[in-house]
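Participant: no FASTA, just this:
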């Protein structure tokens with residue numbers, strides 16, 4: 001059974017940092033792209049960052065580039081999202097997802113999803 005389990009969300013003040021984790025199990029993701037998405041209330045789900053599991057190559061949404069860092073630990077089968085210089089606009093539920101298609105930001109092309117973790121940034 002494929003599982004993506006996110007953790008690490010919480011409440012933080014503007015300018016602060018959080019690190020999200022996504023523990024993957026039940027599938028070999030070596031040929032997959034792993035992505036982080038977020039969805040704020042009343043808004044569509046949007047792409048945040050992605051990493052190709054095999055090579056570690058990364059790509060980011062413009063809104064988070066320079067502030068967020070995506071990485072993975074092969075030994076732990078875990079993907080991370082380090083979020084720095086957080087802004088109230090970053091408040092959302094953050095989801096981890098996996099896609100067999102490299103470098104896609106289209107959520108419909110991701111076929112495995114976690115349950116999400118809430119990130120709230122206060123001003």
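Facilitator: Here it is on my side, so go on. Note that the coordinates shown come from a computational prediction; the quantities given were computed from them, not determined experimentally.

Participant: nearest residue to residue 69 in space, please, no chain neighbours.
Facilitator: Spatially, and ignoring its direct neighbours in sequence, residue 69 is nearest to residue 82 (4.3 Å; Cβ to Cβ, 6 or more residues apart in numbering). Placement of C-beta: from N, CA and C, glycine included.

Participant: ugh, wrong one, residue 74
Facilitator: Closest residue to residue 74 apart from its sequence neighbours, by Cβ to Cβ, 6+ apart: residue 53 at 7.8 Å.

Participant: and if you look at residue 14?
Facilitator: Nearest to residue 14 is residue 123, by Cβ to Cβ, 6+ apart, at 5.3 Å.

Participant: pLDDT wise, what is the one you found at?
Facilitator: Per-residue pLDDT puts residue 123 at 94.

Participant: and the residue nearest to residue 69, what does it touch?
Facilitator: When contacts are counted by Cβ atoms under 8 Å, 6 or more residues apart in numbering, residue 82 touches 17, 19, 68, 69, 70, 71.
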